[in-house]
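Asker: Kindly generate the corresponding structure for this input.
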Amino acid sequence: MKPLGIWLSMAYFFIPALIFAGAYYLIMPWLLNKGVLPYYAYAIGLGVPLVGLLIAALMAYTLEGNPMRWSALMSRFGYRPLSGRDLLVVAIIFAVEMLLYFGLSLITSWLIRRQILPIPTGLPPFLDPRTVWTQDTLEAATGGLKGNWLLLLLSAVLLIVNVVGEEFWWRGIVLARQRLAFGAGTLVVHALLWTMFHRFKYWDLLNLLPLSFGLTFAVLYLKNSSAGLLMHFISNGVGLVPIALGVLGRGS
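Answerer: Okay, here's the model as predicted:
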């Protein structure tokens, strides 16, 4: 495993960032123009590069000369079971980063309302930060929730691919090599670059800062990538709840 210096680090983050921006601003609108419902256009547009990120992580793992065995992969990527103490640390960090996230979200909303932070035109309502997220918004984006089990399955698969793909690449491949290059400065370098990876949703960057720093700190402090996987699943999995409730016919 070789150190990942600043220039390679930037390449490892910004090349995926460009691909995701292309998916968000080119592929997704193209699908929408073809009549694909907004939620599915979003799922396909971002799902494909997320699968690519997962494949890239596994390719990088094998190119390092590692055997394709589950135990070896978990060891290289830094995954091990979380102890009770680990879970307590994760809970504390997660609570703090959520408080900061919601606090910064108020600032972001103010910047958007004042048009200091412009939002691109043509965003589907369920992705537009100026739109209040309701069950009706999801109904319009998906073409109907109740009994739509295929939608729930797609959403669950997208969540798994999203979190596992990102965590295998960012924490499994990149973070471990950055630690060899930056030592104590790894937290700042990794968290800032991971935040900037989300440049395609630039209006969320301020809100994402505490999440990026909190997750990275948890992984580095506990020396356990499972902390990042858990925190990422919880953060992103919240969006699955209203979909599941709608499919079950229990949405408001």
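
Asker: how many neighbours does residue 97 have?
Answerer: Using other C-beta atoms under 10 Å, residue 97 is surrounded by 22 other residues. Quick note: C-beta positions are derived from backbone N, CA and C, even for glycine.

Asker: Which elements pack onto the helix or strand hosting it?
Answerer: Taking DSSP states H and E as the criterion, residue 97 maps to helix 84-113. Judged by 3 or more C-beta pairs under 8 Å, 6 or more residues apart in numbering; DSSP states H and E, helix 84-113 is in contact with helix 205-222, helix 225-237.

Asker: Mind checking the ones you listed for the one nearest to residue 95?
Answerer: Among the helices and strands packed on helix 84-113, helix 205-222 comes nearest to residue 95, with 9.5 Å by C-beta to C-beta.

Asker: returning to that earlier point: adding distance to residue 152 and mean neighbour count, write the helices and strands packed on helix 84-113 out as TSV.
Answerer: Shown next, in TSV, are those (distance: least, C-beta to C-beta, whole Å; neighbours: other C-beta atoms under 10 Å):
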stretch	distance to residue 152	mean neighbour count
helix 205-222	25	21
helix 225-237	13	20
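
Asker: Could you dump those helices into JSON lines and include mean pLDDT and distance to residue 56?
Answerer: As requested, the helices and strands packed on helix 84-113 are exported to JSON lines (pLDDT from 0 to 100; distance: least, C-beta to C-beta, whole Å):
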{"stretch": "helix 205-222", "mean pLDDT": "97", "distance to residue 56": "19"}
{"stretch": "helix 225-237", "mean pLDDT": "96", "distance to residue 56": "17"}
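
Asker: quick one: which of those helices is nearest residue 154?
Answerer: Smallest distance to residue 154 across the helices and strands packed on helix 84-113 (C-beta to C-beta): 14.6 Å, for helix 225-237.

Asker: ok, then the element right after that closest one?
Answerer: helix 240-247.

Asker: chain center to that next one: distance?
Answerer: Computed by C-alpha atoms, centre = their mean, to the nearest Å, the chain-centroid distance of helix 240-247 equals 19 Å.

Asker: in it, what's buried?
Answerer: 242-243, 246-247 (16 or more other C-beta atoms under 10 Å).

Asker: Which positions within stretch 50-59 qualify as buried?
Answerer: 50, 52-54, 56-58.
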